[in-house]
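A.B. asks: requesting a structural model of the entry that follows:
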Amino acid sequence: MTKRNRSRWLLLPGLILVLVLAACSSSSSSSASATSSATATGSSNSQPTGTTDTIVIKNFMFSPDSLTVSPGAVVTVKNEDSVTHTLTDKTDQTAFNTGPVGPNQTKTFKAPDKAGSYSFFCTIHQYMTGTLVVR
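C.D. replies: As a prediction, the model looks like this:
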């Protein structure tokens, strides 16, 4: 066996390992995507008071960017970015406001009791916007 052929055979186990790891990584991110989709879809439905709905901040965006909740529902805000954000009612900043939510932090707020559509934004990064629908 020549030195060149021996080198090829030595690389084969490493190549197999890379392919196996890539396949494992691909399937776990598929299930994570499916979970995220289910959460975002499930969160947009009206739910009884006392349940928790979640808005995730990631890549300087709110997800979902529109969430429908029952009056007085508890809304959880999870910051998955590496910087601090807020989720604040755009019209009346006292209707709901998480205050600063640091990286990897979670905060909650109570949705308004009055039905309606409430625009919200991040007071630090004002291009980040969304809508909370209460009905």
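
A.B. asks: could you use CA atoms for every contact and neighbour count after this?
C.D. replies: Fine.

A.B. asks: and the nearest residue to Pro103 once chain neighbours are set aside, helix, strand or coil?
C.D. replies: In space, and not counting its chain neighbours, Pro103 is closest to Ser82: 4.9 Å by Cα to Cα, 6 or more residues apart in numbering. Recorded secondary structure, Ser82: coil (DSSP: H, G, I helix; E, B strand; the rest coil).

A.B. asks: show me the contacts for Ser82.
C.D. replies: Residues in contact with Ser82, defined by Cα atoms under 8 Å, 6 or more residues apart in numbering, are 102-104.

A.B. asks: next SSE after the one helix or strand in the chain whose mean pLDDT sits lowest?
C.D. replies: Within the chain, confidence by mean pLDDT, DSSP states H and E is lowest for helix 3-43 among all helices and strands, at a mean of 43. Moving toward the C-terminus from helix 3-43, the first helix or strand encountered (DSSP states H and E) is strand 52-58.

A.B. asks: what residues of that following strand count as buried?
C.D. replies: Residues of strand 52-58 classed as buried by neighbour count (16 or more other Cα atoms under 10 Å): 52-57.

A.B. asks: Gln93: which of these is nearest?
C.D. replies: Ile55 (17.8 Å; Cα to Cα).
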